[in-house]
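Engineer: Build me a model:
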Amino acid sequence: MRWLVLLVSWLPFAFLLHGAILNTLGPDPGRVLTLETGHWAIRFLLLSLAVTPLRELTRVHGLAPLRRTLGLFSLLYALLHFTCYVLFLLEMRWFEIGEDILERPYITVGFGALIILIALGITSPRAMMRRLGRNWKKLHRLVYIAAVLGVLHLSWILRTDISDAVFYATMLVLLLGYRIVVRVMRQIRSTR
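Structural biologist: Numbering: from 1, shown residues only. Just a heads-up that it's a prediction; the model follows:
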């Protein structure tokens, strides 16, 4: 299953690369690459958050390792998104990156999400889990903040047609809502 997920996770990159090489991404390929890599970053982040509820509801415990894989693909696409932003939208005007982060709230929240994903990616290996101990779990709870920031970033970018942002926000609310309900139910059971 893991190999299938790896293969499928590389497909968006392959399609975007193919479109860039053949010049079939439309009149503004840089913008398309930037938007699509951002969408895939959010999709993979939401998929990684969906693994735990899916595993608990289906009792298929073999799904657990997919959470890390999908999370790392979210990081990959987020890094590609940032790279496309710098290359194609800023045209490598490095001095403007800091200005954009400080002056444009949608860039600020997107950059915040990226920093969180980088921290989670760096600490995802088992050796880091052992080294951080209990703090590892606390750190990795930041994934929820990264997801909220990512959806907020997208909704500010889209401005007029926010249907994608609404869809992602709905998925995020369902995934977070599931966790809240499960936690409350566990607390109720433990007090009985």
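Engineer: Can you give me the buried ones in the strand or helix carrying residue 135?
Structural biologist: When secondary structure is defined by DSSP states H and E, residue 135 falls within helix 134-140. The neighbour-count check on helix 134-140 (16 or more other C-beta atoms under 10 Å) flags 136, 139, 140 as buried. Bear in mind the C-beta positions are built from the backbone N, C-alpha and C, glycine included.
Engineer: now stretch 15-24
Structural biologist: Across stretch 15-24, burial judged by 16+ other C-beta under 10 Å covers 16, 19.
Engineer: and that stretch, C-alpha only, in PDB?
Structural biologist: Provided in PDB are the C-alpha atoms of stretch 15-24 (Å, rounded to 0.1, in the frame of the first residue of the first chain):
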ATOM      1  CA  PHE A  15       1.700  16.100 -14.600                       C
ATOM      2  CA  LEU A  16       2.800  19.600 -13.700                       C
ATOM      3  CA  LEU A  17       6.300  19.000 -15.000                       C
ATOM      4  CA  HIS A  18       4.900  17.500 -18.200                       C
ATOM      5  CA  GLY A  19       2.600  20.500 -18.600                       C
ATOM      6  CA  ALA A  20       5.600  22.900 -18.000                       C
ATOM      7  CA  ILE A  21       7.800  21.100 -20.500                       C
ATOM      8  CA  LEU A  22       5.100  20.900 -23.200                       C
ATOM      9  CA  ASN A  23       3.900  24.500 -22.400                       C
ATOM     10  CA  THR A  24       0.300  23.400 -21.900                       C
END
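Engineer: So for the spatially most central residue of the chain, what's the nearest residue that isn't a sequence neighbour?
Structural biologist: Residue closest to the average C-alpha location in the chain (C-alpha atoms, centre = their mean): residue 45, at 3.3 Å. If the residues on either side of it in the chain are set aside, residue 45 comes closest to residue 74, at 4.1 Å by C-beta to C-beta, 6 or more residues apart in numbering.
Engineer: The one you found against residue 39, yeah?
Structural biologist: No. Contact status for residue 74 versus residue 39: not in contact, 11.3 Å apart, counting by C-beta atoms under 8 Å.
Engineer: So these two - more neighbours on which side?
Structural biologist: Neighbours were counted for residue 74 and for residue 39 using other C-beta atoms under 10 Å; residue 74 has more, 29 against 16.
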